[in-house]
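Asks: A predicted structure for the sequence below; I have some questions about it.
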Amino acid sequence: MDRIRIVGGNELNGIIPISGAKNAALPLMIASLLTSDTLTLENVPHLADVELLMRILGNHGVDVAVNGRRERQEDSYARTIHFTCRTIVDTTAPYELVSKMRASFWVIGPLLAREGHCRVSLPGGCAIGTRPVDLFLEGLAALGANLEIDGGYINATAPNGGLIGTRYTFPKVSVGATHVMMMAATLARGTTVIGNAAREPEVADLANCLNAMGAKISGHGTSTITIEGVQSLSGARHRVLPDRIETGTYAMAVAMTGGDVVLENTDAALLETAFETLRRAGAEISPTNNGVRVRRNGAGIRPVDVVTDPFPGFPTDLQAQFMALMTRSSGISHVTETIFENRFMHVQELARLGAKISLSGQTAKIEGVPRLKGAPVMATDLRASVSLVIAGLAAEGETVVSRVYHLDRGFERLEEKLTRCGAIVERVSE
Ligand SMILES: CC(=O)N[C@H]1[C@@H](OP(=O)(O)OP(=O)(O)OC[C@H]2O[C@@H](n3ccc(=O)[nH]c3=O)[C@H](O)[C@@H]2O)O[C@H](CO)[C@@H](O)[C@@H]1O
Ligand SMILES: C=C(OP(=O)(O)O)C(=O)O
């Protein structure tokens, strides 16, 4: 199993190219199930989750063709990938596949909308929380679907000739349930209005792609999304939006180590709350033509309290990274997690590097320390693992992060991007 070895202490200086967003690429790829034409996606990141989803979609009948061409080969692995699902050959999403990646459950929306029936395994919980699917089921039921749970699977059918447009307000914001209901409603009869919809940029990116495919969606990016159902969707070409979580992660790494880095191919507007928080912590952040420049001012890292929230709030997917930064602040800060009930697995690993963190319910209290010291640590989930990398970059001596398969789910060529900016980071394969 691979590990990442870091020798801390170096500033980061240079350019880091930002990849396409994992959390946009996954639903966009799943949208290819809605049409028999080709959906071409540009700027698709090279990540374990993307590769796994290609295999899962293949099972349902999607033909995947990856263009050999790499854009700006020296900087990026951004790929253009063609997805064509002439016919759906299998409407079952089996446990063996869905249990490996939660987002694969989202095929339930397109399969049901296009075929009128499907059987999809329940995804189960994961390290960061129980993550139930009740909101997906309520949303699909509102569209007229019959849903039965049988042997760990959802048997879903759309009686009466297909799904029917509806007005439905989610009791809680869910990114995944919004993606699924929006995809399903594109092919429903009549108009659907989704209330309390997720406003995440990845939801808007999916809506823009679906509109390019012939859907009639408006209001995406706000909490009320309206979808006028159409008979069928066509192919389209769409560019995956930049990864705001990768952007924020590297910004936090620079705030941690000091230095001066330009994050390329991204958009500061995707991260207003996170960047405002980082500025208060002492980072200088300025938009550039094609990205954002991050420096740390001379005053060290100031303690700042954060509370995670759905977009446009502070993202839960940056909570662990921000906590790593706060371990070296000049005072006491608090990080409150409101989205997932168990997203603090990084706390005990950060403690191994000398961080002082105590937990009380959903809030972590972090007492900044003058130095961290390298140690062996274990990645527990995707964002927790990169928080250990950030801490390792500032720690004295050697940090070795094991279980980096978590990291490979969501960070493309992390060690290369950091090494080019002066960090000592290498992958050790056994
Ligand atoms: C692939 C992807 O895009 N993953 C992101 C997506 O996950 P995901 O779409 O799974 O997250 P949700 O927005 O659905 O989850 C938000 C909260 O709602 C709860 N919930 C969700 C659905 C449901 O049916 N019932 C229910 O109670 C969840 O357990 C969680 O507590 O949004 C999360 C919140 O920004 C991010 O951390 C993940 O990185
Ligand atoms: C939690 C995440 O992903 P997933 O929803 O796929 O588990 C994430 O991207 O941080």
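Replies: That came through fine. All of these numbers come straight from a predicted model, not from anything done at the bench. Ligands and ions are numbered 1, 2, ... in the order given.
Asks: pretty sure A113 is in a strand, no?
Replies: No - under DSSP: H, G, I helix; E, B strand; the rest coil, A113 falls outside any strand and is assigned helix.
Asks: Next, the contact list for it, please.
Replies: Listed by CB atoms under 8 Å, 6 or more residues apart in numbering, the contact partners of A113 are 34, 158, 162-163, 183-188. From N, CA and C alone the C-beta is placed, and that goes for glycine too.
Asks: One more: V401?
Replies: Going by CB under 8 Å, 6+ apart, V401 touches 3-4, 6, 377-379, 385, 388-389, 392, 407.
Asks: cutoff 10 Å now
Replies: 2-6, 349, 376-379, 385-386, 388-389, 391-392, 407, 425, 428 (CB atoms under 10 Å, 6 or more residues apart in numbering).
Asks: If I look at E74, what pLDDT would I see?
Replies: In this model, E74 is scored at 49, pLDDT.
Asks: what kind of secondary structure is the residue of the chain most remote from its centre in?
Replies: Farthest-out residue of the chain from its mean C-alpha position, per CA atoms, centre = their mean: N160, at 35.9 Å. State at N160, reduced to three classes by three-state DSSP: coil.
Asks: can you pull the contacts of it?
Replies: Listed by CB under 10 Å, 6+ apart, the contact partners of N160 are 116, 144, 189.
Asks: Quick check: beta-bridge partners of the last one?
Replies: Translated: R189. I164 (DSSP bridges).
Asks: For it, give its distance to A113.
Replies: For R189, the distance to A113 (CB to CB, to the nearest Å) stands at 11 Å.
Asks: For ChimeraX, write the selection for the buried entries among the contacts of N160.
Replies: Those of the contacts of N160 that count as buried under 16 or more other CB atoms under 10 Å are selected in ChimeraX with:
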select :116,144,189
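Asks: I figured G8 hits E396, correct?
Replies: Yes - G8 is within contact range of E396, at 6.1 Å (criterion: CB atoms under 10 Å).
Asks: neighbour count winner among the two?
Replies: G8 (23 against 14; other CB atoms under 10 Å).
Asks: Now for R189 and A113: what residues contact both?
Replies: Counting by CB under 10 Å, 6+ apart, the contacts common to R189 and A113 are 143, 162-163, 229.
Asks: If you rank these by neighbours, which is first?
Replies: Neighbour counts for the shared contacts of R189 and A113, by other CB under 10 Å, peak at L163, which reaches 27 neighbours.
Asks: which ones are touching it?
Replies: Applying CB under 10 Å, 6+ apart to L163 gives the contacts 109, 112-113, 116, 140, 142-145, 181, 184-190, 192, 229.
Asks: Got the phi and psi for it?
Replies: Here is the backbone geometry of L163 (degrees, to the nearest 10): phi -70, psi 150.
Asks: Against G282, how distant is it?
Replies: As for L163, its distance to G282 is 51 Å (criterion: CB to CB).
Asks: ditto for E42
Replies: Going from E42 to G282 by CB to CB gives 36 Å.
Asks: can you check T222 too?
Replies: 33 Å.
Asks: So which of these two has more stuff around it?
Replies: Neighbour count, other CB under 10 Å: between T222 and G282, G282 has more, with 21 against 11.
Asks: Can you check the pLDDT for the more buried one?
Replies: The model's pLDDT for G282 equals 95.
Asks: ok, it - contacts?
Replies: Neighbouring residues of G282 by CB under 10 Å, 6+ apart: 255, 258, 295-304, 325, 329-330.
Asks: follow-up on the earlier one: minimum pLDDT in the shared contacts of R189 and A113, which residue is that?
Replies: Within the set of these, pLDDT is lowest for G162 (94).
Asks: from memory that one sits against G144, does it?
Replies: Yes - look at G162 against G144 with CB under 10 Å: they come within range, at 8.0 Å.
Asks: what touches both of these two?
Replies: 188-189.
Asks: distance of the residue farthest from the centre of the chain from ligand 1?
Replies: Separation of N160 from ligand 1 (CB to the nearest ligand atom, to the nearest Å) stands at 25 Å.
Asks: Am I right that E246 is in a helix?
Replies: Yes - using three-state DSSP, the assignment for E246 is a helix.
Asks: Run a quick neighbour tally on it.
Replies: E246 has 26 neighbouring residues, counting by other CB under 10 Å.
Asks: what's the answer for N297, then?
Replies: Counted with other CB under 10 Å, the neighbours of N297 add up to 12.
Asks: Could you do L233 as well?
Replies: Neighbour count of L233, defined by other CB under 10 Å: 25.
Asks: Likewise for P312?
Replies: The tally of other residues near P312 (other CB under 10 Å) stands at 15.
Asks: Setting aside sequence neighbours, what's the nearest residue to whatever residue of the stretch 151-300 of the chain ends up closest to ligand 2?
Replies: Closest to ligand 2 within the stretch 151-300 of the chain is I245: 6.6 Å, counting by CB to the nearest ligand atom. With sequence-adjacent residues excluded and distances taken as CB to CB, 6 or more residues apart in numbering, I245 is closest to D317, at 4.5 Å.
Asks: rewinding a little: which of the contacts of A113 ranks first by neighbour count?
Replies: Among those, A185 has the most neighbours (other CB under 10 Å), with 32 neighbours.
Asks: Tell me which residues touch it, please.
Replies: Shown in contact with A185 (CB under 10 Å, 6+ apart): 109, 113, 139-140, 142-143, 163-166, 168, 191-194, 210, 215, 217, 225-229.
Asks: I'd guessed E148 sits against A156; true?
Replies: Yes - E148 is within contact range of A156, at 8.1 Å (criterion: CB under 10 Å).
Asks: Looking at the two, which is more packed in?
Replies: Neighbour count, other CB under 10 Å: between E148 and A156, A156 has more, with 25 against 10.
Asks: before we move on, which element is the more buried one in?
Replies: Here A156, judged by DSSP states H and E, is contained in strand 153-157.
Asks: Show me the contact partners of that strand.
Replies: Residues contacting strand 153-157 (CB under 10 Å, 6+ apart): 91-95, 98, 105, 108-109, 111-112, 115-122, 133, 136-137, 140-141, 144-149, 184.
Asks: quick one: which of those residues sit in helices?
Replies: With helices taken from DSSP state H, the overlap with those comprises 95, 98, 108-109, 111-112, 115, 136-137, 140-141, 184.
Asks: Look up the residues forming beta bridges with I81.
Replies: Beta-bridge partners recorded for I81 (DSSP bridges): L41, V66.
Asks: Cool, thanks, signing off.
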